[in-house]
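> When you get a sec, could you give me coordinates for this:
(chains A, B, C and D)
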There are 4 protein chains.
Amino acid sequence: MLVLNPSATDSLVDRYQRVRAHTEAICRHLETEDYVVQPTADVSPPKWHLGHTTWFWETFVLVPHLPGYQVFHEDFSFVFNSYYESVGRRVLRTSRGNLSRPTVADIYRYRAHVDAHMSRFLNEADPALAPLLDLGLHHEQQHQELLITDIKYILGHNPLFPAIEIPVPDDASQATGEAAMVPEGVHTIGYQGNGFCFDNELGVHNVYLNQTILAGALITNAEYMAFIEAGGYQNFRYWLSDGWAWVNAQHVQAPLYWHRVDGHWYVYTFDGLNPVEPDAPVCHVSYYEADAFARWRGERLPTEFEWETAAVRNESFRWGQRWEWTNSAYLPYPGFTTAEGAVGEYNGKFMSGQMVLRGASVATPDGHARPTYRNFFQPDKQWQFTGIRLTKN
Amino acid sequence: MLVLNPSATDSLVDRYQRVRAHTEAICRHLETEDYVVQPTADVSPPKWHLGHTTWFWETFVLVPHLPGYQVFHEDFSFVFNSYYESVGRRVLRTSRGNLSRPTVADIYRYRAHVDAHMSRFLNEADPALAPLLDLGLHHEQQHQELLITDIKYILGHNPLFPAIEIPVPDDASQATGEAAMVPEGVHTIGYQGNGFCFDNELGVHNVYLNQTILAGALITNAEYMAFIEAGGYQNFRYWLSDGWAWVNAQHVQAPLYWHRVDGHWYVYTFDGLNPVEPDAPVCHVSYYEADAFARWRGERLPTEFEWETAAVRNESFRWGQRWEWTNSAYLPYPGFTTAEGAVGEYNGKFMSGQMVLRGASVATPDGHARPTYRNFFQPDKQWQFTGIRLTKN
Amino acid sequence: MLVLNPSATDSLVDRYQRVRAHTEAICRHLETEDYVVQPTADVSPPKWHLGHTTWFWETFVLVPHLPGYQVFHEDFSFVFNSYYESVGRRVLRTSRGNLSRPTVADIYRYRAHVDAHMSRFLNEADPALAPLLDLGLHHEQQHQELLITDIKYILGHNPLFPAIEIPVPDDASQATGEAAMVPEGVHTIGYQGNGFCFDNELGVHNVYLNQTILAGALITNAEYMAFIEAGGYQNFRYWLSDGWAWVNAQHVQAPLYWHRVDGHWYVYTFDGLNPVEPDAPVCHVSYYEADAFARWRGERLPTEFEWETAAVRNESFRWGQRWEWTNSAYLPYPGFTTAEGAVGEYNGKFMSGQMVLRGASVATPDGHARPTYRNFFQPDKQWQFTGIRLTKN
Amino acid sequence: MLVLNPSATDSLVDRYQRVRAHTEAICRHLETEDYVVQPTADVSPPKWHLGHTTWFWETFVLVPHLPGYQVFHEDFSFVFNSYYESVGRRVLRTSRGNLSRPTVADIYRYRAHVDAHMSRFLNEADPALAPLLDLGLHHEQQHQELLITDIKYILGHNPLFPAIEIPVPDDASQATGEAAMVPEGVHTIGYQGNGFCFDNELGVHNVYLNQTILAGALITNAEYMAFIEAGGYQNFRYWLSDGWAWVNAQHVQAPLYWHRVDGHWYVYTFDGLNPVEPDAPVCHVSYYEADAFARWRGERLPTEFEWETAAVRNESFRWGQRWEWTNSAYLPYPGFTTAEGAVGEYNGKFMSGQMVLRGASVATPDGHARPTYRNFFQPDKQWQFTGIRLTKN
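You can find the predicted model right below:
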């Protein structure tokens, strides 16, 4: 795990450079044009991710802590701010794809400029800044996963369905683990280690759970196709009211990236458009779809507390291919408080209207996952590498 | 409490007639025109409520259980269905206010027709139908409260701000109770009585709570005005991200029905437009506002589990003037299952995107409230009689 | 023709009272509820028409010209203003149907109050006011036709399709006249009489026309059905680009009020829902439909100048059952100027984005039509009594 | 003028290559990213213009007329079709900016491929194809002007306001000509030469005009600023009803590209953001603004017939810096007919909802303008190089 604690053998500079290099490695095979577009509001142009992560280091580390640092370009703060309301005007999220400038080359120069200053700075950084630096590294890792999902969306919605070399096995079969029993009783939830975690994992507390058994395997494409064949998308009985409205308004018929051609299902992966692989875990389903599938099967999704307990208690419980939708809304743990300043806007303000996902996916950077990690998205989102695990009482 | 159990001294017919009469009593002073309009999608025209509750009895009781019963009018099923997807086409909720026919008089005739058949039917009803009949009575009571909130919206958004005689003291000062301590530990949640409850209260289960103390009083108008004066609606720091977007998109500046005239706050109540009463509990706030207010005060909203525990354990805990927003998303209790058939669409399908409110309001019919009752609305809704109670650890 | 000139034998008071009484006669068989609703933005609730025409007399005649006159109700100006920007706030046109108050009875009292004052005033009115009074009478007649079209929309979009007694033969067969030849050369356009006309008919001027022959008959339902059967609504070739977008976005398949039931076409008229009458002139078509039909037939719509010339020169040219779409945009005649003050907002500001219709319809009040009259609507509107006449070179 | 008639001294191949080269010259200084984005639906990405003009040659010339020609890429027809409904699926106009592929380099390869085949083809082309080839050249010239307006929009809406080298003097002062008198009487309208013209200029016909005198100069920025200072954008009296709605809905305060900074007006031109040049003719105004300005000045816009007559009769009448809004709706001339096939979709289908502009602009390619040319846009469009000329009777 990427942590900024004394036992880490890596130097801070090494870790910084490795994370930064990985961001750029993801983009290695992009065309310049691929960096620019924003086919839907949820997706950001890759060049925006490259700029925004850099702006984070510049704004929260270099400007306040490196004496004499001059910002690379006055206007970049405006362009690359994301949602930090306290740091000035934002480019409306939906208009990021309208900006041809700064160019991709400009942004790589920006990265080089900030990296040079950061590397010098990190050699002598005040240890009291360790939490902030750690947050920056994990922030950049989050954007690495978003880069991958957003590149997939951009290419997967292009009528040419171009393949691209990206190190994400998004159609691999699964390595199934064992089912995990959660015994009835009081269990402790939240991050208790010494490493890095996000603020939303803190507030260690007890929950009382009934007994349940989480499946050892994720739902596969073959299992999900059975739901489609059974008319799952045409029968309101399986759907939440909001989900049914979503299915009808968006004309949803299948997971994202699936196309029916001559009676057969094809799916866009980074290899291009190919037949659906039956044994791979289903991917790119919304919470509404996960919930409807579970209802059709007569089972249910686990809560985030059941999931965490199962994962912490059972060594043979395998996870990490798909972010797993839970039946828990994203809400604060007892005692949750927001940090002061712009960094405090990190997580708490999103605690409304979103569902928790647990685990990790094939697109999650190494070392970024842990059993207490709380990912969250609105229930209609499909573009992350999301999947389904069921539980039964 | 209105229940259909053996200990009730009322006959079933008496209870039916009393509930039905109360629905009509609410409308006694309406003008015919007031029955017709729908100024916003959340609000239904009063005549629709009168028809829909009648349709419920006709469709779920008389048609299946009274041999030889003829429906009053073939097309009414289409007009008065609400969201029961399994019973045929619906009039789109947003277009209910476009329908001048059936007239108000037609609908009162419809009510009389159904009431006559129901009264005869109830005299000899199969005891096995008791749960369904009880559900019908509670369904009608829910619409009684909606009738009141919808009438208020219709008149309160009319430029003439007409007063109306309705038996709801919507600007009364509060009768404060005592603060309620919830001790740390395992508590039992859910309805355990013998009377009526909705399906979403079942699934009695344990939760583990930390210690907290719920305030004895609701937040008053005076306290809420202090939030406004302090710039609460202009400072993003207090708001959830979705809430801040809502404030800005809707230009929200105050609770619903408040108007600033010459530097003073006025509020529409059933008495017309009058100065805000400082000692009355604040009303018509959204969850976003309740949450922002709590954050501004450095406190928080209780969860629905804390609230239920406080209410069940503390006799001197007073509630019932305002529906109280909790910090719990509306989700199923362990073991929740949906009933078969159209009645099964009652609650479960709404378990997404809504927050739980606990307690009751001045508009809630007598006997309809209980400490385990789970009311729920989307976090931006203001038109119910909603208020704020804080808790601190 | 209703004119305020010396040769009129009627007294002014008589004419005022006759026009006002006719407005109320149109509404005689409405239910109170029918007065209230606004199923689409183009339609105004009948009670609004009743109030607005009254407000016109009060605002433009009584308030400025009757010493000591007190307005009936301070807030009615706000409620019943239509688009006169210079006279204060307006109720947004789309929200007129949200207002239950003032009630229908209130509005009839308002009419009685204004009528009483007007009758007294007219007995001694300054002859210099004659043009303003004439404008008021013609304004009220325009709203009489709108009342009829709006009542039809309200009832024709109700799932009960109620019939209503209204003196408009909206499904009568046509009395065909003779084709009208327009010779090549210079022709004079515009109103040249001594009676009333609207400002947009003034600016008498010459136009140069090529020879053309306008059909003696309007297109019938049978002819229009042939266009539908031939796939007219499915073939983009017949449609203007904006029209094709409209057909697809609104899923238009036929004229307004037509319904296909079991393979046969039915149409809502004031008699209820009945089979389409083949010999009646087609009604409730948009300009887009009229233009597409003409293109399919290999003919074209006349310009407003061709139409006026044909109507003025040919006594045996019959018109008056349908407003006839012309291929002329609504633009000012040479020398057109806008009158001072709010009355000046009457016509000129709408000279953008609308097409001219000539003639009159079965819903036009007696005496309101003349060959120089310029009616105008946006090209997608169907709810007026509009029809098609073709011409060929 | 670029025409394909016998008197032309250029060879057809030369002319083809010169036009094609000019298209690419316009883009010479673009960054790759500038080719990709689409900040508003009216604007197309420059790479789309490059592809679409190429697709036109491939689809309408090479495929039907060059035996054995193989299309460059099967899917490009889908991507680069614009509005030719008869040639298959289109990429929705608003989503062109979502496509990163084909890349800019791919499109230049596409151009080279088509150009090579076209050059060979033109050396031996059937003279009967001359009209089609001429249409292709003029079509590409139209897109040259759109390329320039779209590049300006893309860069002028970027927060960095980048300057770019483009050979368009979009802020030059004007070279004023003399006022042009149009005498009362019959005048002939339409293209009567032997060169190329579009179908909408044919149908030579007479019109009868009253006497009027068109100003010798366009309205300058200084004159337009006086309108702004006089509160022109705040006073509904000057505006058409649709125009006033547009001003308020879009918060329009000035011509496009104008920004008020510290009390002074700046404007984006291809030189970047600079103070407004008072003597330059005002640019980037909508028809609504042109009409409101004229009304404020107590004058009016000429009709397209007045404009054409003035331009044809008066040698000293100077035009060509701005497309000049006329007070004529875009409608067919007498006898207008649509050509068969996809090319026939060129002009006629847009004859609804648009106003005619006459003249040319600094962005119009040499040889593309003539006094009978009918340009047309919706009345709210500002992004073309549009200006104002007044006339008085």
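
> hey, let's count contacts and neighbours off CA atoms from now on
Will do.

> Show me the helices in chain A, by range?
A:12-26, A:46-57, A:63-65, A:76-80, A:104-123, A:130-156, A:221-229, A:241-250, A:287-297, A:304-313 (DSSP state H).

> Only the buried residues of the longest one, if you could.
Yep, that's helix A:130-156 we're talking about. Neighbour-count burial for helix A:130-156, with 16 or more other Cα atoms under 10 Å in any protein chain shown as criterion, is recorded at A:130-131, A:133-156.

> for the shortest one, same thing?
Within helix A:63-65, not a single residue qualifies as buried, counting by 16+ other Cα under 10 Å.

> what pLDDT, on average, does it get?
Here helix A:63-65 scores 96 as its mean pLDDT.

> can you check stretch A:322-335 too?
Here the average pLDDT along stretch A:322-335 is 97.

> Any part of that stretch near chain B?
Yes: legend: contact between stretch A:322-335 and chain B by Cα under 8 Å from any Cα of the partner chain is shown at A:Asn327, A:Ser328, A:Ala329, A:Leu331, A:Pro334.

> just stretch A:196-209 next, same as before
Yes: with Cα under 8 Å from any Cα as the criterion, chain B is reached by stretch A:196-209 at A:Asn206, A:Val207, A:Tyr208, A:Leu209.

> tell me which helix or strand of chain A sits lowest on mean pLDDT?
helix A:76-80 (a mean of 89; mean pLDDT, DSSP states H and E).

> how much space between A:Arg322 and chain B?
Using Cα to the nearest Cα, to the nearest Å, one gets 22 Å for the distance from A:Arg322 to chain B.

> pLDDT wise, what is the residue lying farthest from the centre of chain A at?
Distance from the C-alpha centroid of chain A peaks at A:Gly68, with 35.4 Å (Cα atoms, centre = their mean). pLDDT recorded at A:Gly68 is 95.

> residues contacting it?
Contacts for A:Gly68 (Cα atoms under 8 Å, 6 or more residues apart in numbering or on different chains) come out as none.

> One more: A:Phe336?
A:Asp199, A:Asn200, A:Leu202, A:Gly203.

> Count the neighbours of the nearest residue to A:Leu99 once chain neighbours are set aside for me.
Spatially, and ignoring its direct neighbours in sequence, A:Leu99 is nearest to D:Asn158 (6.0 Å; Cα to Cα, 6 or more residues apart in numbering or on different chains). D:Asn158 has 17 neighbours, counted by other Cα atoms under 10 Å in any protein chain shown.

> Verify the contact between D:Asn158 and A:Arg96 for me.
No: between D:Asn158 and A:Arg96 there is no contact under Cα atoms under 8 Å: 10.3 Å.

> Isn't A:Thr364 up against A:His143?
No: the pair A:Thr364 / A:His143 is not scored as a contact, 9.7 Å apart, by Cα under 8 Å.

> Tally up the residues packed near A:Arg297, please.
12.

> Next, work out how far apart it and A:Ala180 are.
According to Cα to Cα, to the nearest Å, A:Arg297 and A:Ala180 sit 19 Å apart.

> what does A:Ala292 give?
23 Å.

> Which parts of the stretch 251-393 of chain A are strands?
A:258-261, A:264-269, A:272-275, A:323-329, A:355-359, A:375-377, A:386-387, A:391-392 (DSSP state E, counting those that start in this stretch).

> Make CSV from these and add distance to A:Lys47 and mean neighbour count to it.
As requested, these are arranged in CSV below (distance: least, Cα to Cα, whole Å; neighbours: other Cα atoms under 10 Å in any protein chain shown):
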stretch, distance to A:Lys47, mean neighbour count
strand A:258-261, 27, 15
strand A:264-269, 21, 18
strand A:272-275, 22, 16
strand A:323-329, 25, 26
strand A:355-359, 27, 25
strand A:375-377, 22, 20
strand A:386-387, 24, 25
strand A:391-392, 40, 18
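
> Compare those strands and give me the one nearest D:Ser11.
Among the strands of the stretch 251-393 of chain A, the nearest to D:Ser11 by Cα to Cα is strand A:272-275 (46.0 Å).

> ok, and what's touching that closest one?
A:Gly156, A:Phe161, A:Pro162, A:Ala163, A:Ile164, A:His264, A:Trp265, A:Tyr266, A:Val267, A:Tyr268.

> same question, stretch A:40-47
So stretch A:40-47 is in contact with A:27, A:34-38, A:93-94, A:96-97, A:104, A:107, A:147, A:150-151, A:153, going by Cα under 8 Å, 6+ apart.

> re earlier: nearest approach to B:Arg237 belongs to which of the strands of the stretch 251-393 of chain A?
The nearest among the strands of the stretch 251-393 of chain A, by Cα to Cα, is strand A:375-377 at 20.7 Å.

> Pairing partners for that closest one, with directions?
Applying DSSP bridges, strand A:375-377 is found paired with strand A:355-359 (antiparallel).

> could you give the angle of the strand it pairs with to strand A:323-329?
Strand A:355-359 runs at 140 degrees relative to strand A:323-329, counting by axes from the mean of the first three to the mean of the last three Cα atoms, to 10 degrees.

> ok, and what's touching strand A:355-359?
Against strand A:355-359 from outside (Cα under 8 Å, 6+ apart): A:287, A:304, A:307-308, A:319-320, A:322-330, A:369-379.

> Show me chain A divided up by domain.
Domain ranges of chain A: A:12-156, A:180-392, per automatic domain parsing.

> what's the first-to-last distance across the first one?
To tie it back to what came earlier, the one meant is domain A:12-156. Terminal-residue distance, domain A:12-156 (Cα to Cα): 37 Å.

> List the residues that contact the nearest residue to A:Ile148 once chain neighbours are set aside.
Nearest residue to A:Ile148, sequence neighbours excluded (Cα to Cα, 6+ apart): A:Ala363, at 6.7 Å. A:Ala363 makes contact with A:Glu145, A:Ile148, A:Thr149, A:Val168, A:Phe385 under the criterion Cα under 8 Å, 6+ apart.

> just A:Leu301 next, same as before
A:Ala290, A:Asp291, A:Ala294, A:Trp325, A:Thr326, A:Asn327, A:Ile388, A:Arg389, A:Leu390, A:Thr391.

> Among those residues, pick out the one closest to D:Phe60, please.
Checking the contacts of A:Leu301 one by one against D:Phe60 (Cα to Cα), the nearest turns out to be A:Ala290, at 48.9 Å.

> what's around the closest residue to that closest one other than its chain neighbours, how many residues?
Distances taken as Cα to Cα, 6+ apart put A:Ile388 closest to A:Ala290, at 5.9 Å, once the chain neighbours are dropped. A:Ile388 has 29 neighbouring residues, counting by other Cα under 10 Å.

> Contact residues of chain A facing chain D?
So chain A meets chain D at A:31-34, A:36-39, A:75, A:79, A:95, A:97-104, A:154-155, A:158-160 (Cα under 8 Å from any Cα).

> Derive a ChimeraX selection command for the buried subset of those.
To isolate the buried ones among those in ChimeraX, judged by 16+ other Cα under 10 Å, type:
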select /A:32,33,34,36,37,38,39,79,95,97,98,99,100,101,102,103,104,154,155,158,160
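
> In the stretch 151-300 of chain A, what residue lies closest to chain B?
Chain B sits closest to A:Leu240 of the stretch 151-300 of chain A, with a gap of 4.4 Å, by Cα to the nearest Cα.

> Show the backbone phi and psi for that residue.
Main-chain torsions, A:Leu240, degrees, to the nearest 10: phi -60, psi 150.

> Tell me which residues touch the residue of the stretch 151-300 of chain A found nearest chain D, please.
Per Cα to the nearest Cα, A:Asn158 is where the stretch 151-300 of chain A lies closest to chain D, at 6.0 Å. Contacts were defined as Cα under 8 Å, 6+ apart; by that measure A:Asn158 touches D:Asn98, D:Leu99, D:Ser100, D:Arg101.

> swap in A:Arg101?
A:Arg101 touches D:Glu33, D:Asp34, D:Asn158, D:Leu160, counting by Cα under 8 Å, 6+ apart.
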